[in-house]
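Visitor: here is the input, now give the coordinates:
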Amino acid sequence: MKYIILQGDGMADYPIEALGNKTPLQAARTPNMDWLARHGVYGIAHVIPKGFPPGSDVGNMSIMGYDPAVYHTGRSPLEAASMGVALGPKDIAFRCNLVTVAGSGAEATMEDFTSGHITTDEAAEIIRDLERELGGAGIEFFPGVSYRHLMVWRDGMEKMATTPPHDITDQKTADYLPKGEGAECLLKLMAASQTLLAQHPINLKRKASGQRQATTIWLWGQGRAPQLPPLTERFGITGGVISAVDIIHGLGVYAGLERIDVPGITGFLDTNYIGKGEYGVRSLEKNDLVFIHVEATDEAGHMGDWKAKIQALEDFDEKVVGTVLKGMSQRQDYRILLMPDHPTACALKTHVSEPVPFVLYSSQETRDNGPVGYNETDALKTGVVAEQAYRLMESLIEGRPTWTEI
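Guide: Here you go, the predicted structure:
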């Protein structure tokens, strides 16, 4: 048996007035996801446990079969694992975004949490300079992908309150700066970064070409290294992960899954969707499971751009889901789990905690659910509810129900 997880990050959403009060999933043309909804176990899944923030770390941990209430320690330790950065038991990892903040003091506003989707090469040069100028005394900076990077505080503190920058787009930042024990160290680093970045050659080039500049670092998502039992041992399987996002690869490291590199994947709207599908199918020649993650749907939601989100959904459906279904069409021994990790609401430009539509399709046990589509409304009407989304991995691998049907 082969197992495929198709994760369109943040696919779910709220109804949008400009779409006739439809959600982007309802408005988009998604024949492949609709087909899965009509022929698989179809319903809603509670991916974000009560009391947890609706982040991709929590959501994807659930999808990979780990109860966040038991295993979650923070987002950044997962990204550290992806980047090959070892954490000691007292080391704290922080996500280090390069962001664009407009204005200063009480009027400072989060203009762009991606610094205009700064390129990986540009960002790496900035992070290397930050390490040289601000690193030391237990502080280390590590370059990641685009605007997403890592700061490690060796033998550091973690109890301060921090805020994801994508939650405060277009809002004043003063109320969302780090607070609590240890926050002073973070605030000093953030302030020092502003001085360095103001005259950095990369920013001067971007300014000259009309692009947004990285004006400061934003530190958040802290935590210690988690202790996750590998899926490879738990289920006796082999598998791989396809993503352009470090957090997914980090989960894969802890789960015992190999990283599958695909040319041209970006974590944005211009990603190589077809390559993800093709490499995913090909990986199943030697592995039992593949987790294929697409970030573009989430990025469009954070931009508040429902047109871009519809395009990303249609690209995901045609070029990832469709490619996988075509590639598996000659097999009769596979299961597919299709779902997002959380909704990303265009109206709010951030994640929310509502349950999401899921499909668990088996090539050996096809259903006939009638003329439904893959969207929030139709999923809710089925009466199928996965209260503990992390148990859907058991259903995928072992073929037994972990949901209720009304």
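Visitor: which stretches of the stretch 301-406 of the chain form strands?
Guide: 334-339, 344-345, 350-351, 356-362, 384-386, 404-405 (DSSP state E, counting those that start in this stretch).
Visitor: run the angle between the longest one and strand 334-339 for me.
Guide: Computed with axes from the mean of the first three to the mean of the last three CA atoms, to 10 degrees, the direction of strand 356-362 lies at 180 degrees from that of strand 334-339.
Visitor: measure residue 302 to residue 255 for me?
Guide: 26 Å (CB to CB, to the nearest Å). Yep, even glycine has a C-beta here, placed from its N, CA and C like the rest.
Visitor: and if you look at residue 201?
Guide: For residue 201, the distance to residue 255 - CB to CB - is 40 Å.
Visitor: more neighbours: the two, which one.
Guide: With neighbours defined as other CB atoms under 10 Å, residue 201 and residue 255 compare such that residue 255 has more, 23 against 11.
Visitor: my read: that one touches residue 233, true?
Guide: No. The criterion here is CB atoms under 8 Å, and residue 255 misses it with residue 233 at 9.7 Å.
Visitor: if you average pLDDT over whichever helix or strand residue 240 is part of, what comes out?
Guide: Here residue 240, judged by DSSP states H and E, is contained in strand 239-242. Along strand 239-242, the predicted confidence averages to a pLDDT of 98.
Visitor: in its sheet, which strands sit next to that strand, and in what direction?
Guide: Counting by DSSP bridges, the strands paired with strand 239-242 are strand 258-259 (parallel), strand 289-294 (parallel).
Visitor: highest average neighbour count across the ones you listed?
Guide: A comparison of the strands paired with strand 239-242 by mean neighbour count, using mean count of other CB atoms under 10 Å, puts strand 289-294 on top with a mean of 28.
Visitor: how far does that one sit from the chain's center?
Guide: Remark: strand 289-294 is offset 12 Å from the chain centroid, using CA atoms, centre = their mean, to the nearest Å.
Visitor: mind saving the C-alpha coords of that strand as PDB?
Guide: What follows is strand 289-294, C-alpha atoms only, in PDB (Å, rounded to 0.1, in the frame of the first residue of the first chain):
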ATOM      1  CA  LEU A 289       4.500   7.500   2.000                       C
ATOM      2  CA  VAL A 290       5.000  11.000   0.500                       C
ATOM      3  CA  PHE A 291       3.900  14.300   2.100                       C
ATOM      4  CA  ILE A 292       3.400  16.900  -0.600                       C
ATOM      5  CA  HIS A 293       3.000  20.500   0.800                       C
ATOM      6  CA  VAL A 294       2.200  23.600  -1.200                       C
END
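Visitor: where exactly do the helices run in the stretch 51-200 of the chain?
Guide: Ranges of helices within the stretch 51-200 of the chain are 56-63, 68-71, 76-82, 120-134, 183-198, based on DSSP state H, counting those that start in this stretch.
Visitor: among those, which is nearest residue 402?
Guide: Across those, residue 402 has its closest neighbour in helix 56-63 (12.0 Å, CB to CB).
Visitor: who are the packing partners of that closest one?
Guide: With contacts taken as 3 or more CB pairs under 8 Å, 6 or more residues apart in numbering; DSSP states H and E, helix 56-63 sits against strand 2-8, helix 68-71, helix 246-255.
Visitor: for residue 357, find the nearest of those.
Guide: Comparing the helices and strands packed on helix 56-63 under CB to CB, the one sitting nearest is strand 2-8, at 10.4 Å.
Visitor: got the contact list for whatever helix or strand comes next after that closest one?
Guide: Following strand 2-8 in sequence order, the next helix or strand is helix 24-27 (DSSP H and E). With CB atoms under 8 Å, 6 or more residues apart in numbering as the test, helix 24-27 has contacts from 11-13, 16, 19-20, 306, 309-310, 313, 346, 357, 373-377.
Visitor: just the buried subset of those, please.
Guide: For these, a burial check counting by 16 or more other CB atoms under 10 Å picks out 11-13, 16, 19, 306, 309-310, 313, 346, 357, 373-376.
Visitor: tell me the one among those nearest to residue 268.
Guide: For those, the residue nearest residue 268 by CB to CB is residue 309; the value is 12.6 Å.
Visitor: tell me who's in contact with that closest one.
Guide: 13, 24, 297, 300, 301, 346.
Visitor: tell me the bridge partners for the closest residue in space to the fifth one that isn't next to it in sequence.
Guide: Using CB to CB, 6 or more residues apart in numbering and skipping the chain neighbours, the partner closest in space to residue 301 is residue 344 (3.1 Å). Beta-bridge partners recorded for residue 344 (DSSP bridges): residue 351.
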